[in-house]
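> Make a model of this:
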Amino acid sequence: MRRTVDDARRWMARGTDLVLSATAGWDEAELSAPSGLPGWTRKHLVAHLAANADALGNLVHWAATGERTPMYSSPEQRAADIEAGARRSASELTTWLRESAERLAAAMADLDERQWRTEVLTAQGRTVPATEVPWMRTREVYVHAVDLDAGIGFADLPADFLTALADDVVGKRGAKPDVAVVLTATDAGERWHLPGTGTPVEVGGSLADVTAYLTGRPHTVTATDGSPAPQLAAWL
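Here you go, the predicted model:
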């Protein structure tokens, strides 16, 4: 693993600032515009980020107190919270986004070394130490900063974060094999192997594009013969 909890907390703070800066001052029309995610407006995406901060705050509370507090009571509740949030006014929604991020950061700052080691349960049912929570939030704020369709691209994100994200996604994809792929980040000298069926397809592109490809976002990654890179199944 090429990241630490300190790395994740640093990235989380910077990614949060990026999202808050991008959305600051947006009016109803700007927030109601489509996001980069099919079927979601920017309001849906901002509501998701705000609700995610509150949900991860539940895990921090679990770590702090030992009281079992899942991220969400159910997948249906998660979806309902996003839909309800998307109906809020622009000012209400951006206030929720900012205040939920502040609450999460403050709660994390209060954890001691023992509490950080507490095991908690993710929304996907994985048992992880609380030290994973900053990383979970980092992925959300940085990837969705791109999904806001506000002129932010993967190339604008820190290279060390992109490398860590590629490591993470390859690990998750390896647990549910797809087509076999060998990926090369041509500008970073990094290579990843995705296990799967068939002869491995060699693909390459910039670190930013490789990470976008792995996470199912628009990219310019191609196979070595110039053909399109194989399509991958959903990441999460």
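> use CA for all of it now, contacts and neighbours both
Fine.
> In three-state terms, how would Trp26 be classified?
Following DSSP: H, G, I helix; E, B strand; the rest coil, the label given to Trp26 is coil.
> Which single strand of this protein contains the most residues?
As assigned by DSSP state E, the longest strand anywhere in the chain is strand 196-205.
> Give me the buried stretch members for that strand, please.
201-205 (16 or more other CA atoms under 10 Å).
> And stretch 69-83, by the same measure?
In stretch 69-83, counting by 16+ other CA under 10 Å, buried: 69-72, 78, 81-83.
> average pLDDT across it?
Mean pLDDT, stretch 69-83: 93.
> Could you tell me the end-to-end distance of that stretch?
End-to-end distance for stretch 69-83, by CA to CA, to the nearest Å: 22 Å.
> Next: stretch 78-95.
19 Å.
> Name the residues that touch it?
Stretch 78-95 is contacted from outside by 23-24, 26-28, 31, 43-44, 46-48, 51, 72, using CA atoms under 8 Å, 6 or more residues apart in numbering.
> Pull the number of nearby residues for Leu97.
Here the count is done by other CA atoms under 10 Å, and Leu97 has 24 residues near it.
> Ala29: what secondary structure?
Ala29 - assigned by three-state DSSP - is helix.
> Walk me through the domains of this structure.
5-152, 159-223 (automatic domain parsing).
> In a markdown table, list those along with distance to Ala233.
Output for the domains of the chain, formatted as a markdown table (distance: least, CA to CA, whole Å):
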| stretch | distance to Ala233 |
| --- | --- |
| domain 5-152 | 16 |
| domain 159-223 | 7 |
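> looking at the ones you listed, which has the lowest confidence?
Lowest mean pLDDT within the domains of the chain: domain 159-223, a mean of 93.
> Do me a favour and get the end-to-end distance for it?
Start to finish, the residues bounding domain 159-223 are 22 Å apart (CA to CA).
> Show me what the top helix by length along the chain is packed against.
When the chain is parsed with DSSP state H, its longest helix is helix 42-65. If you count contacts as 3 or more CA pairs under 8 Å, 6 or more residues apart in numbering; DSSP states H and E, helix 42-65 packs onto helix 28-32, helix 75-86, helix 90-109, helix 113-116, strand 119-121, helix 133-147.
> and those as JSON lines, adding distance to Ala180?
Listed next are the helices and strands packed on helix 42-65 as JSON lines, based on distance: least, CA to CA, whole Å:
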{"stretch": "helix 28-32", "distance to Ala180": "39"}
{"stretch": "helix 75-86", "distance to Ala180": "31"}
{"stretch": "helix 90-109", "distance to Ala180": "38"}
{"stretch": "helix 113-116", "distance to Ala180": "36"}
{"stretch": "strand 119-121", "distance to Ala180": "30"}
{"stretch": "helix 133-147", "distance to Ala180": "24"}
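> which of those sits most buried?
Comparing those by mean neighbour count (mean count of other CA atoms under 10 Å), helix 133-147 ranks first with a mean of 23.
> shouldn't Ala212 be in contact with Gly205?
No. Here Ala212 lies out of contact with Gly205, judged by CA atoms under 8 Å, at a distance of 10.2 Å.
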